[in-house]
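Need a 3D model of the following:
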Amino acid sequence: MMLLHWNLAALLFFISPLLHLPLVTHAASTSSPITQPRIIFMTSSDDFDEYEDDDDTDTDKHRPTPEVLTAVRTNVLHQEPKLCQYDPCLENQKPCAEQSGCLCPGLSSAHEPPHPPRIKALLPVNAGENQGKIEVQWCAPSSVVSSYRVVVEGHDSDDLKFDAELRRGLLESVEVGTKVCVEAVNTAGSSTPSDFSCKRYDSPESDHKLFAWVVGGGVVLLLLLVIAAVILWKHKMCQRPKRNAADGLGNPSYSTEGTL
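Numbering: from 1, shown residues only. Reported below is the predicted structural model:
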């Protein structure tokens, strides 16, 4: 009996490695394989985009397609700015600020004195009920103006005022050479006199006299030149016969080299 037990024990000792061998091989076959990390080589941005496109092929199918906007070309017409029909030398015209669709000249602020206006002419009135008076004409400055004032040299106390829409006024008889100035006025003050806002009165009669003297002097100078030219011509004509007579009376036998 003991011998039988010893035989069974020896048999189990030899058989047991054979029984565990399939289990070991099965365990080795079922164990998870060792994975190596994936190495991605990036050469350029395009390759990276292609790699992403390959991985996201399924998601791109469900992604909405972007809307393509087409460029629309519009022709823009560049027009030159149009100036308003406004003449600063004309009176009783529509203010430039009330005109639409055009550009007006810039104006200085109403809170500062205006720029000096430009005096245009000093003309005598030769007919009508205002005969003998002097008409002064001016052009408006680029400023806010409420009225105009005409100052005559030597008559500062008799300054004349005119409305902002007017561009001319009448003065009493003014002596030749008198200085006349036009000033613009607003709530901030009056303009400062300048070379183009003041002018001395010259009578048209004196201008005609000066013109007559100039023309007369020119005619006299021309006559003097003609007379001088005639005298010189006669003097040359008188000298020619004398030379011819002297040449004809010479002795043909006379020679400077010696006697014949």
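
Could I get the buried residue list for stretch 146-163?
Within stretch 146-163, the residues scored as buried using 16 or more other C-beta atoms under 10 Å are Y148, R149, V150, V151, V152, L160, F162. The C-beta positions use only the backbone N, C-alpha and C, and glycine is treated the same way.

so can I have CSV of these showing secondary structure, pLDDT and distance to P141?
CSV is the format used below for these (DSSP: H, G, I helix; E, B strand; the rest coil; pLDDT from 0 to 100; distance: C-beta to C-beta, whole Å):
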residue, secondary structure, pLDDT, distance to P141
Y148, strand, 96, 10
R149, strand, 95, 13
V150, strand, 95, 15
V151, strand, 93, 16
V152, strand, 92, 20
L160, strand, 90, 18
F162, strand, 94, 14
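
and of those, the nearest to H115?
Relative to H115, the closest of the buried residues of stretch 146-163 is Y148; by C-beta to C-beta it sits at 12.7 Å.

Please name the residues that touch that closest one.
P117, W138, K161, F162, D163, A164, L166, G169, V182, E183, A184, V185 (C-beta atoms under 8 Å, 6 or more residues apart in numbering).

measure it to C96 for me?
Computed with C-beta to C-beta, to the nearest Å, the distance linking Y148 and C96 is 18 Å.

now do G189
Applying C-beta to C-beta, the value for G189 to C96 is 23 Å.

now the helices for the protein?
With helices called from DSSP state H, the chain shows them at 2-30, 45-55, 57-62, 204-248.

burial measure for the residue nearest to S146 when sequence neighbours are not counted, as a count.
In this structure, S146 finds its nearest non-sequential neighbour in N186, 4.7 Å apart by C-beta to C-beta, 6 or more residues apart in numbering. Residues within reach of N186, counting by other C-beta atoms under 10 Å, total 20.

surely N186 meets R149?
No. In this structure, N186 sits apart from R149 without contact. The criterion is C-beta atoms under 8 Å, and the distance is 11.4 Å.

who does the residue lying closest to G169 once chain neighbours are set aside bridge with?
Using C-beta to C-beta, 6+ apart and skipping the chain neighbours, the partner closest in space to G169 is F162 (4.9 Å). The residues listed as beta-bridge partners of F162 by DSSP bridges are Y148.

Contacts only, for F162.
Contacts here follow C-beta under 8 Å, 6+ apart; on that basis F162 touches S147, Y148, R149, V150, G169.

Include distance to A110 when you put the residues you listed into TSV, please.
Rendered in TSV, the data for these read as follows (distance: C-beta to C-beta, whole Å):
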residue	distance to A110
S147	13
Y148	16
R149	17
V150	22
G169	23
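
Please list the outside residues in contact with stretch 131-138.
Counting by C-beta under 8 Å, 6+ apart, the neighbours of stretch 131-138 from elsewhere in the structure are 89, 117-125, 148, 150, 167-174, 180, 182, 197, 201.

Mind checking which of the residues you listed are in strands?
Residues of the contacts of stretch 131-138 located in strands (DSSP state E): 118-124, 148, 150, 168-171, 180, 182.

are any of those buried, and which?
Among the ones in strands among the contacts of stretch 131-138, those classed as buried by 16+ other C-beta under 10 Å are R118, I119, K120, L122, P124, Y148, V150, R168, G169, L171, V180, V182.

nearest to V220, of these?
Distance to V220, by C-beta to C-beta, is smallest for P124 among these, at 30.8 Å.

Name whatever forms a beta bridge with that closest one.
On DSSP bridges, the residues paired with P124 through beta bridges are I134.

Next up, the contacts around it.
P124 makes contact with G132, K133, I134, E135, S203, P204 under the criterion C-beta under 8 Å, 6+ apart.

May I ask which of these has the most neighbours?
Most crowded among those, counting by other C-beta under 10 Å, is I134 at 20 neighbours.

what residue ranges in the chain score low on pLDDT?
Counting by pLDDT under 70, the low-confidence segments of the chain come to 1-80, 156-157, 204-211, 240-260.

I'd like to know how far the closest residue to R167 other than its chain neighbours sits from V180.
Excluding the flanking residues, the one nearest R167 by C-beta to C-beta, 6+ apart is E91, at 3.9 Å. Using C-beta to C-beta, one obtains 18 Å as the distance from E91 to V180.
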